[in-house]
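> fold the following for me, if possible:
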Amino acid sequence: MGNYLNIGNAGFAAARKGTYVDKTGMISFINSELGTKNKLICVSRPRRFGKSFAAQMLCAYYDKSCDSRELFEGLEISEDPSFERCLNKYNVIYLDITLFISGAPDVRNVVQNIKETVIAEIANSFPEASKGASLAETLLNTVKTTGERFIMIIDEWDALFREAKNDSKLQKEYISFLRSLFKSSWTDMIFEAAYITGILPIKKYGTQSAMTDFREYTMLAPRRLAEYVGFTEPEVRELCERFGMEFEEVRKWYDGYSFHRAKSIYNPNSVMEAVKNGELANYWTQSETYESLKIYIELDEDGLKEALVQMLGGARVKIDTISFQNDMTTIRCRDDVLTLLVHLGYLAYDSDEKTVRIPNEEIREEFVRAVAAGRHTEIAKLIRSSDQLLEATLNRDEEAVAAAIEEAHKAGTAPTFYNNEQALRSVIRAAYISCVDEYLKIDELPSGHGYADVVFFPKKNSSKPLLLVELKWNKTGEGAIRQIKNNDYPQALKGYGGNMLLVGINYDAKSKKHSCRIEAFLQDNRTPENMVISSRPSPYMR
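Numbering: from 1, shown residues only. Take a look at the predicted model:
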């Protein structure tokens with residue numbers, strides 16, 4: 001076994017000894033592409049989303065220098081018709097670009113080091129084949145001598161773009177090297193398949209991919225590999241049952257990625273850490289620090305601050321992903337920042353709606369931490385005051401609620417556009433950011449004889465009351481409460497079965513002041529004075 005050629009199955013064997021979630025079904029997909037025009041595959045995922053595990057699994061399956069049958073027994077791929085045909089049948093070249101970078105005294109020598117070391121190992125393993133001037137020539141000579149094509153697996157292929165993100169000369173040298181392997185008339189003769197992984201998709205120059213022959217499977221469009229992005233819901237349910245974890249809480253913390261072919265995908269590393277430790281917590285910081293997030297959300301791109309406020313409040317934000325150049329330096333607009341955050345796993349993308357959102361509680365904490373420690377002081381202040389606003393609402397402190405919404409107005413919406421109820425609704429969404437912890441927010445809910453402006457439904461196991469919010473413009477908070485009652489909104493929501501708070505919020509354009517009126521609406525015989533609302537600290541209180 002070599003360092004790069006036919007490295008064996010030790011990596012996958014180690015994974016099988018622990019708690020293993022069967023993702024071998026992906027092998028049948030790769031088998032179906034062997035030798036075809038779609039055999040060049042690039043998979044991009046965030047850190048800790050199983051890229052290296054998958055690469056090691058493929059090495060173990062295809063590598064002809066070892067016998068991996070026992071490792072795959074009982075797994076999904078063992079039932080596939082292609083299992084026997086391809087098992088341990090190929091010479092596999094495995095390159096981990098991060099290891100080349102970490103072992104190089106000078107990053108500028110990495111490309112040359114890759115060429116020299118891999119050529120030397122192949123020449124040593126196949127001395128009967130003549131060594132060529134390039135890696136591609138050496139591989140071609142070996143195939144001609146042995147009659148056997150290679151499978152190439154490159155893990156973290158884009159690490160050089162991240163490590164030397166400002167060295168355009170080195171990046172071009174690296175791309176030229178990869179093109180010499182995968183965009184030449186020799187490719188079909190040399191490779192049965194190539195599988196490369198990275199955090200970012202393949203670099204674009206303008207609208208053109210640097211390696212056009214690769215078929216890409218990304219966080220924007222994972223296609224047939226969607227269920228292998230992370231853990232599926234059935235897989236997580238099984239883990240929760242096995243380790244005695246509360247599934248709904250695990251879902252709240254780690255779910256949130258959704259694609260056409262897989263509607264509910266979980267962060268795999270965080271789920272495994274949670275079940276291993278028996279504790280729900282933020283494990284994202286073990287793979288990504290908020291520093292990397294902070295760098296990008298502090299960019300002064302037009303509209304970025306407003307987008308952050310909306311998403312922290314639970315909203316989805318429209319995005320155009322086309323202009324992103326698939327690197328970390330060519331950031332030209334707000335949408336480039338948001339697209340990068342999708343690839344890094346900080347945002348979830350909906351391809352139907354063309355929107356992004358914060359996927360789960362774990363990532364929301366990262367955003368809050370990054371904002372609180374960064375230069376967006378207005379957003380940080382809004383986050384800190386949001387807990388106080390929710391507490392004031394639950395305690396029916398009308399003056400405190402009006403004052404807190406005033407702060408949200410300053411932080412979240414430009415005064416020049418603050419001129420109607422729709423703008424007021426966007427401010428309410430920002431002001432009640434803390435509600436996402438225990439509430440589900442619905443705008444314009446059909447109720448009674450009209451539409452309730454904003455309804456906050458308590459999540460399962462929450463003891464909070466339902467909040468029914470009516471917004472008014474140049475009227476009064478009392479008038480908003482009157483409309484709630486006249487239109488019979490509470491009666492339409494009676495099936496909810498719990499207590500409600502009716503919240504009327506008005507903005508007076510002349511005085512530029514908010515006012516608020518709050519009343520309790522009870523589903524039982526208790527009086528408002530006897531109504532006790534339990535409250536526990538929110539994770540957003542800093």
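> the helix or strand encompassing residue 152 packs against which elements?
Assessed by DSSP states H and E, residue 152 sits inside strand 150-155. Other elements packing on strand 150-155 under the criterion 3 or more CB pairs under 8 Å, 6 or more residues apart in numbering; DSSP states H and E are helix 51-62, strand 91-96, helix 97-102, helix 135-146, strand 191-198. Every residue, glycine included, has its C-beta placed from N, CA and C.
> for this structure, identify the residue most remote from the centre.
Relative to the mean C-alpha coordinate of the chain, counting by CA atoms, centre = their mean, the farthest residue is residue 128 (48.1 Å).
> any idea whether that residue is helix, strand or coil?
Using DSSP: H, G, I helix; E, B strand; the rest coil, the structure places residue 128 in coil.
> do I have it right that it meets residue 145?
Yes. Using CB atoms under 8 Å, residue 128 is in contact with residue 145, at 5.6 Å.
> okay, and for this protein, where does confidence drop off?
Where the chain drops to pLDDT under 70, the residues are 206-209, 285-291, 300, 372-378, 380, 411-423, 447-449, 494-497, 522-542.
> try it again with 50
Along the chain, segments meeting pLDDT under 50 span 413-416, 525-542.
> on that earlier part again, give me the angle between the strand holding residue 152 and helix 135-146.
Between strand 150-155 and helix 135-146, the angle comes out at 140 degrees (axes from the mean of the first three to the mean of the last three CA atoms, to 10 degrees).
> I'd like the next helix or strand past strand 150-155.
Once strand 150-155 ends, the next helix or strand along the chain (criterion: DSSP H and E) is helix 159-163.
> for the following helix or strand past that following helix, which positions count as buried?
Proceeding C-terminally, helix 159-163 gives way to helix 168-182 as the next helix or strand, assigned by DSSP H and E. Across helix 168-182, burial judged by 16 or more other CB atoms under 10 Å covers 170, 171, 174, 175, 177, 178, 180, 181, 182.
> list just the nearest of the residues you listed to residue 154.
Nearest to residue 154 among the buried residues of helix 168-182: residue 178, at 8.4 Å, using CB to CB.
> three-state assignment of the closest residue in space to the closest one that isn't next to it in sequence?
The shortest distance from residue 178 to any non-neighbouring residue, by CB to CB, 6 or more residues apart in numbering, is to residue 211 (6.0 Å). Counting by three-state DSSP, the backbone at residue 211 sits in coil.
> hang on, isn't residue 211 packed against residue 175?
Yes. Using CB under 8 Å, residue 211 is in contact with residue 175, at 7.4 Å.
> any chance you could list what contacts stretch 111-118?
With CB atoms under 8 Å, 6 or more residues apart in numbering as the test, stretch 111-118 has contacts from 3-5, 93, 95, 97, 100, 103-104, 134-135, 160, 170, 173-174, 177.
> now a ChimeraX select for only the buried ones of those.
A single ChimeraX command selects the buried members of these (16+ other CB under 10 Å):
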select :4,5,93,95,97,100,104,135,160,170,174,177
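> list the helices and strands the helix or strand hosting residue 408 packs on?
Per DSSP H and E, residue 408 falls inside helix 398-412. Secondary-structure packing of helix 398-412 (3+ CB pairs under 8 Å, 6+ apart): helix 304-312, helix 377-394, helix 421-431, strand 500-508, strand 513-521.
> can you do 10 Å?
With contacts taken as 3 or more CB pairs under 10 Å, 6 or more residues apart in numbering; DSSP states H and E, helix 398-412 sits against helix 304-312, helix 377-394, helix 421-431, helix 477-486, strand 500-508, strand 513-521.
> what residues of that helix count as buried?
For helix 398-412, the neighbour count (16+ other CB under 10 Å) marks 398, 400, 401, 402, 403, 404, 405, 407, 408, 409, 411, 412 as buried.
> and for stretch 49-68?
Residues of stretch 49-68 classed as buried: 49-63, 65-66, 68 (neighbour count, 16+ other CB under 10 Å).
> re earlier: ok, now which ones touch the residue nearest to residue 178?
Residue 211 makes contacts with 40, 42, 157, 175, 178-179, 181-183, 194, 196, 202-203, as judged by CB atoms under 10 Å, 6 or more residues apart in numbering.
> out of those residues, who's nearest residue 296?
After measuring these against residue 296 - CB to CB - the closest member comes out as residue 203, at 17.8 Å.
> which non-adjacent residue is nearest that closest one?
Distance criterion CB to CB, 6+ apart; nearest residue to residue 203, sequence neighbours excluded, is residue 210 at 4.6 Å.
> just residue 83 next, same as before
residue 77 is the one closest to residue 83 (CB to CB, 6+ apart), at 5.5 Å.
> the one you found belongs to a helix?
Yes. Under three-state DSSP, residue 77 sits within a helix.
> anything in contact with each of residue 211 and residue 175?
Joint contacts of residue 211 and residue 175 (CB under 10 Å, 6+ apart) are 202, 203.
> how many neighbours does residue 166 have?
8 (other CB atoms under 10 Å).
> please name the nearest non-neighbouring residue to it.
Once flanking residues are discounted, residue 166 sits nearest to residue 329: 6.5 Å by CB to CB, 6+ apart.
> contacts only, for the residue nearest to residue 83.
The neighbourhood of residue 77, defined by CB under 10 Å, 6+ apart, consists of 22-28, 30-31, 57, 61, 83, 86-87.
> give me that answer again for 6 Å
Residue 77 sits next to 24, 27, 28, 83 when contact means CB atoms under 6 Å, 6 or more residues apart in numbering.
> can you tell me how far it is from residue 369?
Computed as CB to CB, to the nearest Å, the residue 77 to residue 369 distance reads 40 Å.
> could you do residue 347 as well?
16 Å.
> the two: which has the busier surroundings?
residue 347 (26 against 19).
> using the three-state scheme, assign residue 457.
Three-state assignment for residue 457 (three-state DSSP): strand.
> parallel or antiparallel, list what pairs with the strand holding residue 152.
Partner strands and pairing direction for strand 150-155 (DSSP bridges) are strand 91-96 (parallel), strand 191-198 (parallel).
> could I get those strands as TSV with distance to residue 259?
What follows is these, written out as TSV (distance: least, CB to CB, whole Å):
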stretch	distance to residue 259
strand 91-96	27
strand 191-198	18
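> mind checking which of these is nearest residue 299?
Of the strands paired with strand 150-155, the one closest to residue 299 (CB to CB) turns out to be strand 191-198, at 22.4 Å.
> after that closest one comes which helix or strand?
Strand 191-198 is succeeded, C-terminally, by strand 204-205 (DSSP H and E).
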